[in-house]
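In: Provided below for reference: sequence and predicted model.
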Amino acid sequence: MNGAWRLIRFLMIVLACLPAAIGQAQVSDDRQQIVATMHVHSTASTGELTIEALAERAEQLGLDVLILTDNFSLRYEYGLWPMPGLLKRQVSFPSVLEYGIKRYVDEVSAAQRRHPNLIILPGLEVAPYYYWTGSLWGRSLTMHNAQRNLLVFGLNKLEDYRSLPASGNPGSYSFDWRGALNGAPMLLVVPAVWLWRPIRRRADRQSLRRMVACILIVLAVALVANAWPLSQPAFSSYDDRLGYRPYQALINDVRDKGGLVFWSMTEARDFHEYGFGPLGTITVKTEPHSESLRETTGYTGFGGLYQDGRTIIKPGDLWDRLLPLPAHELRPTPVLIGELAFHGLSDAGKDLDRVVTVLSVKERTIAGVLEALRSGHVYAVGAGGPHVQLRLDEFRIVCQGGAKSASVGDRLDPAGARDLMVHFSITATDRGRHPVKVRVIRSGQVVAQLAGETPFLVDWPDATGPTDGRMTYRVEITGSGELLSNPIFVEKVMGDR
């Protein structure tokens, strides 16, 4: 009898544990971690290595995904009043528009065929708009925001690239009333022809009439040349009052085409001065613009880990303030990624694996990569030493004795449960022992600070968190490098009672 009772108790324990085991198996088996390097330039724009060489290097380093973001357009011009279209100086640098969009996409496809184990995405770094202030004659000429960039990828058609609304891209220009007005000087040809015709009665005035006709024709040609091409960009580089309208236009365009768009390195500053002799100094600058995350909507995410100073990812700062906002189609949760800004191996201390984004994908395909980025199933990692990085093997919020759980990018409905447990496992890529410090950040507040060595496994109970509203949990890990996770959301599902 005692033996039968022990068997019944054993079966009851097994059955009680099955929901948790099944739930955890579904989460872990549903997705797999792969490593991506993002914000990489090739010789199609300002990089030193060809697409093929980048693919080879990525494979040598054991990377799974190479996301290229070559400069879309680096065409700039400045014109002198009153004829800025005719009296102008144009400057251009290597970019995808100069290289050829089709050539660029075809070379990526060819490299993908040669490297089937590596996922390669063609992408772009786009500065939709720059503008001038000051004047050349006043020795105060300044170009603003040439490096206020967005990263764009996931576009499927060549036309999607060709029509991107960005400065320097004629494919996005349109013909409107301004173009018609700019072409109006051609009407001066009509009186010029009338004046040119021979007059028998007043032959003495023939030379004067034809001289006026020539002046009208020269004037018409000059005015049209000044306005050419008659099609116009959506946003003028001589208008400094546009704010974030050009950037929102690009975000909307990419989003409508099914692509992904990320704000790039919003806290970095770019400043250069160029001397032009008696004309003085021309300043080219881009100020930090972290407010872009608040002033625009519809973007996928932002670069939150890169080799520069950053504040918006600190506990309680801008990112944490954006996370609790109600999710809807115009303001989705901003997804944090790691940005490398790689131009070549000559950059001191940089290689393709220096900063990576680890993706939890449902399938090892381009579609799987895009889905993970769009949904926030990612975390960003910066190396702490030569080719040594931390890995967040597991990070989840668990409740109801393990029966319910959620991991990065997912949502958990605790259904009133108050036994929330923060569970995470941290290792190093060399499988060695490295010191780590972990901060658990709940809704912008640091609720736990833990320290140890890799491999580091922790179950931390959070009995103080409210369960009647929306909470976000994320971790910040330092020590051997830096690791920033995207959040896990804990909130009551609408409609539940």
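Out: Perfect, I can see it now.
In: identify the residues contacting residue 317.
Out: Residue 317 makes contact with 311, 444, according to CB atoms under 8 Å, 6 or more residues apart in numbering. For the C-beta atoms, the positions are set from N, CA and C on the backbone; glycine is no exception.
In: how about low-confidence regions in the stretch 101-250 of the chain?
Out: 172-190, 192, 194-196, 199-205, 216, 220, 222-232 (pLDDT under 70).
In: can you give me the strands for it?
Out: Listed in chain order, the strands of the stretch 101-250 of the chain (DSSP state E, counting those that start in this stretch) span 119-121, 123-126, 131-133, 142-144, 150-153.
In: residue 109: what's it in contact with?
Out: Contacts of residue 109 by CB under 8 Å, 6+ apart: none found.
In: middle-most residue in this protein, spatially?
Out: residue 262 (2.2 Å; CA atoms, centre = their mean).
In: what is that residue paired to in the beta sheet?
Out: residue 151, residue 301 (DSSP bridges).
In: any chance of the strands of the stretch 101-250 of the chain in JSON lines, plus distance to residue 293 and mean neighbour count?
Out: Listed next are the strands of the stretch 101-250 of the chain as JSON lines, based on distance: least, CB to CB, whole Å; neighbours: other CB atoms under 10 Å:
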{"stretch": "strand 119-121", "distance to residue 293": "23", "mean neighbour count": "22"}
{"stretch": "strand 123-126", "distance to residue 293": "17", "mean neighbour count": "26"}
{"stretch": "strand 131-133", "distance to residue 293": "21", "mean neighbour count": "17"}
{"stretch": "strand 142-144", "distance to residue 293": "19", "mean neighbour count": "18"}
{"stretch": "strand 150-153", "distance to residue 293": "12", "mean neighbour count": "25"}
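In: out of the ones you listed, which comes closest to residue 44?
Out: Proximity to residue 44 (CB to CB) singles out strand 123-126 among the strands of the stretch 101-250 of the chain, at 10.0 Å.
In: could you export that closest one as CSV, CA atoms only?
Out: Output of strand 123-126 as CSV, limited to C-alpha atoms (Å, rounded to 0.1, in the frame of the first residue of the first chain):
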residue,chain,number,x,y,z
GLY,A,123,20.8,48.0,-46.2
LEU,A,124,21.4,51.8,-46.2
GLU,A,125,22.5,54.6,-44.0
VAL,A,126,20.3,57.5,-45.0
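In: helices or strands next to that strand in the packing?
Out: strand 70-71, strand 150-153 (3 or more CB pairs under 8 Å, 6 or more residues apart in numbering; DSSP states H and E).
In: run the chain-centre distance for it.
Out: 8 Å (CA atoms, centre = their mean, to the nearest Å).
In: quick check: neighbours of it in the sheet, parallel or antiparallel?
Out: Take DSSP bridges as the rule and strand 123-126 pairs in its sheet with strand 70-71 (parallel), strand 150-153 (antiparallel).
In: what comes into contact with the shortest one?
Out: The set of residues that contact strand 70-71 without belonging to it, under CB under 8 Å, 6+ apart, is 41-42, 44-47, 93-96, 99, 104, 123-125.
In: residue 44 is in contact with residue 51, isn't it?
Out: Yes - under the criterion of CB atoms under 8 Å, residue 44 makes contact with residue 51 at 6.9 Å.
In: give the intersection of the neighbour lists for those two.
Out: What both residue 44 and residue 51 touch, as defined by CB under 8 Å, 6+ apart, is the set 68, 107.
In: how many neighbours does the nearest residue to residue 107 once chain neighbours are set aside have?
Out: Closest residue to residue 107 apart from its sequence neighbours, by CB to CB, 6 or more residues apart in numbering: residue 51 at 5.1 Å. Using other CB atoms under 10 Å, the number of residues around residue 51 comes to 24.
In: need the strands paired with strand 123-126 in a markdown table with distance to residue 369, can you?
Out: Shown next, in a markdown table, are the strands paired with strand 123-126 (distance: least, CB to CB, whole Å):
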| stretch | distance to residue 369 |
| --- | --- |
| strand 70-71 | 18 |
| strand 150-153 | 9 |
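In: residue 254: neighbouring residues, count only.
Out: 25.
In: who's in contact with it?
Out: Residue 254 makes contact with 152, 155, 164, 260, 261 under the criterion CB under 8 Å, 6+ apart.
In: distance of it from residue 165?
Out: 10 Å (CB to CB, to the nearest Å).
In: which one of the contacts of strand 70-71 sits in the busiest neighbourhood?
Out: Busiest of the contacts of strand 70-71 [other CB under 10 Å] is residue 42, holding 30 neighbours.
In: please name the nearest non-neighbouring residue to that residue.
Out: residue 51 (4.8 Å).
In: my guess is residue 420 contacts residue 459. True?
Out: No - Residue 420 is beyond contact range of residue 459, at 11.1 Å (criterion: CB under 8 Å).
In: so these two - more neighbours on which side?
Out: Neighbour count, other CB under 10 Å: between residue 420 and residue 459, residue 420 has more, with 22 against 10.
In: neighbours of the residue lying closest to the more buried one once chain neighbours are set aside, how many?
Out: Once flanking residues are discounted, residue 420 sits nearest to residue 462: 4.6 Å by CB to CB, 6+ apart. Residues contacting residue 462 under the criterion other CB under 10 Å number 19.
In: contacting residues around the closest residue to residue 285 other than its chain neighbours?
Out: Spatial nearest neighbour of residue 285, excluding adjacent residues (CB to CB, 6+ apart): residue 271 at 4.6 Å. Residue 271 sits next to 283, 284, 285, 286 when contact means CB under 8 Å, 6+ apart.
In: if we go to 10 Å?
Out: 147, 283, 284, 285, 286, 287 (CB atoms under 10 Å, 6 or more residues apart in numbering).
In: secondary structure class for it?
Out: strand (DSSP: H, G, I helix; E, B strand; the rest coil).
In: and it, how far is that from residue 146?
Out: For residue 271, the distance to residue 146 - CB to CB - is 11 Å.
In: any shared contact partners between those two?
Out: Common neighbours of residue 271 and residue 146, counting by CB under 10 Å, 6+ apart, are 284, 285, 286.
In: redo the residues you listed as TSV? Include secondary structure, pLDDT and distance to residue 215.
Out: What follows is the shared contacts of residue 271 and residue 146, written out as TSV (DSSP: H, G, I helix; E, B strand; the rest coil; pLDDT from 0 to 100; distance: CB to CB, whole Å):
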residue	secondary structure	pLDDT	distance to residue 215
284	strand	94	39
285	strand	95	43
286	strand	96	45
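In: drop anything exposed from those.
Out: The neighbour-count test (16 or more other CB atoms under 10 Å) marks 284, 286 as buried among these.
In: which of the shared contacts of residue 271 and residue 146 lies closest to residue 447?
Out: Proximity to residue 447 was ranked across the shared contacts of residue 271 and residue 146 by CB to CB; first place goes to residue 286, at 36.5 Å.
In: for the closest one, give the beta-bridge partners.
Out: residue 270.
In: is it true that it touches residue 142?
Out: No - applying CB atoms under 10 Å, one finds residue 286 not in contact with residue 142, separated by 11.0 Å.
In: picking that back up, distance check, the residue nearest to residue 420 against residue 252.
Out: The value you get for residue 462 to residue 252, if CB to CB is used, is 39 Å.
In: before we move on, the earlier item: among the contacts of strand 70-71, which one sits closest to residue 132?
Out: residue 93 (17.8 Å).
In: go ahead and confirm that closest one touches residue 46.
Out: Yes - assessed by CB under 10 Å, residue 93 is found in contact with residue 46 at 6.8 Å.
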